[in-house]
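Enquirer: Here is my input; please provide its structure:
(chains A and B)
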Amino acid sequence: MGSLRIIWAIGRKDLLLEIRNKDVVVAVAGFALLVLVIFTFAIDLNQGNAKLVGPGVLWAGIAFAGVTGLNRAFALEVEGDTLEALMLAPISRDLIYLGKALGNFLFIAVAQIIVIPVFAVLFNLVVFRWEMLAISLLTTIGFSAVGTLFAAMSVRVRAREVMLPLLFLPVVTPLLMAAVESTSHMVYGRSWSDMAQWLQLAVAFDVAFVVVSAFIFQHILED
Amino acid sequence: MNKILDLLDPLLILSATLMGVALYLIFIWVPTETNQGAVQRILYFHVPVAWGSMLGIFVVSGSSFMYLLKKNEKWDRLAVASAEVGLIFGGMMLLSGMIWARPVWAVWWTGEAKLTTALILFFIYVAYLMFRSYFPPGAQRQRLAAIIGVIGAIDTPIIYFAANLWSQAPPPLITGPAADAESTLGSDLGTVLLVSTLAFTFLFIFMVQTRYKIRKSEDDVVELKRASSASAMTGVN
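Expert: Numbering: from 1, shown residues only, chains lettered A, B, ... in the order given. Got it, this is the predicted structure:
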């Protein structure tokens, strides 16, 4: 119980900051929407190919946009010199990680609440289904688990904006494949059992990276 | 005297000799494969190079893990040396694979599971080396690089599983070249492959060892500079 409250306290702190300045969610949602709109020009969309390319465009957009948001996750802490304060707090490092990951999860999730309806309109696809919720949750958990770890690592790197996507994107490729493939199954109206393998893969990815990242995080913050 | 590039290093001599033998075997001794023709000879180059890049990835993850455990410099040096050499081998593997794929499969590239996995791993190790060159030197850089090495190792089976699932319905291809060649080449293929793989393995070890020594002397220079500036400071006081 105690650790859950610590995680929530860190997540809530980021959430409060975000509610006041709306930096991250607006950046992520705006970037992702732009990717979608640019693709509607780049691809000659019609009823036939919307189902084919739509899921790929959606998740590529969210992945690219997510990186821009994750870049901010620890940048604010460094700019405000609050990272030291966080490290001085008498709590274990894995809880700091989980708290920060919770914040990032919420930001990317809220951005998707804006992006996915627009995607549905632009690509004329039915996405308001339970399958979409499951895919979106699983993908966002994995994105924020890996992203929080790499964002903490690249915060002191020069050219941080370049480094994070180079680390993040190859590592999340399997999760991205799972998201795209299961969304494809969904827009073609197939059943849960068709996408079961992909959802299992996403679950395995999430479990592996949440556990490993929480465990490994202490090595990142120590000086 | 411990020279960095020792041209009389037994590993180098062994590798060069075996490389010569392998070239003879590949281009003169072994008969041409009937299904694919002369282009099949790329196999004797492609497989050893792929093996080298796998060896590189294996050593990077192993020594990254050991570095996190023991915090000993030598594991970090081994990790960076084999990452660089492994990346070169990985690049050669991708290139030779493409040159081979074009005449045999009629495409340069395909979404086959092993290809996709190899390409993504290639990118992870590019990121690993870029991270090292972007990050200010010191113990923290080594620790963070080791974390990337470990993450890459954890990701590998997941990538392979995903790529496998993703490419489940590819167009029919002439798959496993070895299975195909068995009918006409039999044990000859194994012999050539063995010699060639040994030659490349020794080359790999030699290159990693040389890079390790360079890394060591780079560290020594930093250490010397620190020591001399420290003694200069005490001299003033």
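
Enquirer: Enumerate the positions of the lowest-mean-pLDDT helix or strand in chain A that are buried.
Expert: Lowest by mean pLDDT, DSSP states H and E among the helices and strands of chain A is helix A:82-88, with a mean of 81. Burial within helix A:82-88, assessed by neighbour count using 16 or more other Cβ atoms under 10 Å in any protein chain shown, is assigned to A:Leu83, A:Leu86. C-beta here means a position set from N, CA and C on the backbone, and glycine is covered the same way.

Enquirer: do the same with stretch B:77-97
Expert: So stretch B:77-97, judged by 16+ other Cβ under 10 Å, has buried residues B:77-87, B:89-90, B:92-94, B:96-97.

Enquirer: so what's the closest residue to A:Phe74 other than its chain neighbours up against?
Expert: In this structure, A:Phe74 finds its nearest non-sequential neighbour in A:Val155, 4.1 Å apart by Cβ to Cβ, 6 or more residues apart in numbering or on different chains. Residues near A:Val155 by Cβ atoms under 8 Å, 6 or more residues apart in numbering or on different chains: A:Phe74, A:Ala75, A:Glu77, A:Val78, A:Leu83.

Enquirer: helices or strands up against the host helix or strand of A:Leu95?
Expert: In this assignment (DSSP states H and E), A:Leu95 forms part of helix A:93-123. Helix A:93-123 sits against helix A:2-21, helix A:23-42, helix A:47-79, helix A:82-88, helix A:130-154, helix A:192-221, with contacts defined as 3 or more Cβ pairs under 8 Å, 6 or more residues apart in numbering or on different chains; DSSP states H and E.

Enquirer: hmm, 7 Å instead?
Expert: Secondary-structure packing of helix A:93-123 (3 or more Cβ pairs under 7 Å, 6 or more residues apart in numbering or on different chains; DSSP states H and E): helix A:2-21, helix A:23-42, helix A:47-79, helix A:130-154, helix A:192-221.

Enquirer: ok, for the residue in chain B that chain A sits nearest to, nearest residue in space, not its chain neighbours?
Expert: Relative to chain A, the nearest point of chain B is B:Ala162 (3.5 Å; Cβ to the nearest Cβ). Closest residue in space to B:Ala162, ignoring its immediate chain neighbours: A:Pro174 at 3.5 Å, by Cβ to Cβ, 6+ apart.

Enquirer: Wait, the one you found touches A:Asp206, no?
Expert: No - using Cβ atoms under 7 Å, A:Pro174 makes no contact with A:Asp206, being 11.1 Å away.

Enquirer: which one of these two has more residues nearby?
Expert: A:Pro174 (29 against 21; other Cβ atoms under 10 Å in any protein chain shown).

Enquirer: coming back round to it: out of the helices and strands packed on helix A:93-123, which one sits most buried?
Expert: The highest mean neighbour count among these, using mean count of other Cβ atoms under 10 Å in any protein chain shown, belongs to helix A:130-154: a mean of 24.

Enquirer: I'd assumed the residue nearest to B:Ala162 was in a helix, is it?
Expert: Yes - assessed by DSSP: H, G, I helix; E, B strand; the rest coil, A:Pro174 belongs to a helix.

Enquirer: How about the secondary structure of A:Val126?
Expert: coil.

Enquirer: burial count for it?
Expert: Neighbours of A:Val126 using other Cβ under 10 Å come to 10.

Enquirer: Which pLDDT value goes with it?
Expert: Here the pLDDT value assigned to A:Val126 is 86.

Enquirer: Ramachandran angles for it?
Expert: Backbone torsions of A:Val126, given as degrees, to the nearest 10, read phi -90, psi 110.

Enquirer: Report the separation between it and A:Pro165.
Expert: 31 Å (Cβ to Cβ, to the nearest Å).

Enquirer: And A:Ala151, by the same measure?
Expert: From A:Ala151 to A:Pro165 the distance is 11 Å (Cβ to Cβ).

Enquirer: need the helices and strands packed on helix A:93-123 in TSV with mean pLDDT, can you?
Expert: Compiled in TSV, these are given as follows (pLDDT from 0 to 100):
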stretch	mean pLDDT
helix A:2-21	87
helix A:23-42	90
helix A:47-79	87
helix A:130-154	92
helix A:192-221	89
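
Enquirer: give me the element residue 190 is part of.
Expert: No chain was given, so I picked chain A. With DSSP H and E as criterion, A:Arg190 is part of no helix or strand.

Enquirer: right idea, wrong chain: chain B
Expert: Going by DSSP H and E, B:Gly190 is in helix B:187-236.

Enquirer: which other helices and strands contact that helix?
Expert: Against helix B:187-236 (3+ Cβ pairs under 7 Å, 6+ apart) you get helix B:10-24, helix B:43-70, helix B:73-105.

Enquirer: go with 8 Å
Expert: helix B:10-24, helix B:43-70, helix B:73-105, helix B:177-185.

Enquirer: can you list these in a markdown table and add distance to B:Val150 and mean pLDDT?
Expert: Formatted as a markdown table, the helices and strands packed on helix B:187-236 follow (distance: least, Cβ to Cβ, whole Å; pLDDT from 0 to 100):
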| stretch | distance to B:Val150 | mean pLDDT |
| --- | --- | --- |
| helix B:10-24 | 28 | 88 |
| helix B:43-70 | 5 | 90 |
| helix B:73-105 | 10 | 90 |
| helix B:177-185 | 32 | 48 |
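
Enquirer: so which of the ones you listed gets nearest A:Lys51?
Expert: Distance to A:Lys51, taken as Cβ to Cβ, is lowest for helix B:73-105 among the helices and strands packed on helix B:187-236, at 28.1 Å.

Enquirer: Tell me which helix or strand comes right after that closest one.
Expert: Next element after helix B:73-105 (DSSP H and E): helix B:113-134.

Enquirer: For that next one, buried residues please.
Expert: In helix B:113-134, counting by 16+ other Cβ under 10 Å, buried: B:113, B:115-132, B:134.

Enquirer: repeat for stretch A:116-126
Expert: Quick answer for stretch A:116-126 (16+ other Cβ under 10 Å): A:Ile116, A:Phe119, A:Ala120, A:Leu122, A:Phe123, A:Leu125.

Enquirer: what separates that stretch from the chain centre, distance-wise?
Expert: 20 Å (Cα atoms, centre = their mean, to the nearest Å).

Enquirer: what's the answer for stretch A:134-141, then?
Expert: 9 Å.

Enquirer: List, one by one, the residues from chain B near chain A.
Expert: Counting by Cβ under 8 Å from any Cβ of the partner chain, the residues of chain B lying close to chain A are B:68, B:120, B:123-124, B:126-127, B:130-131, B:134-136, B:140, B:143-144, B:146-148, B:150-152, B:154-155, B:158-159, B:161-163, B:165-166.

Enquirer: repeat that for 7 Å
Expert: Counting by Cβ under 7 Å from any Cβ of the partner chain, the residues of chain B close to chain A are B:68, B:120, B:123-124, B:127, B:130-131, B:134-135, B:140, B:143-144, B:147-148, B:150-151, B:154-155, B:158-159, B:161-162, B:165-166.
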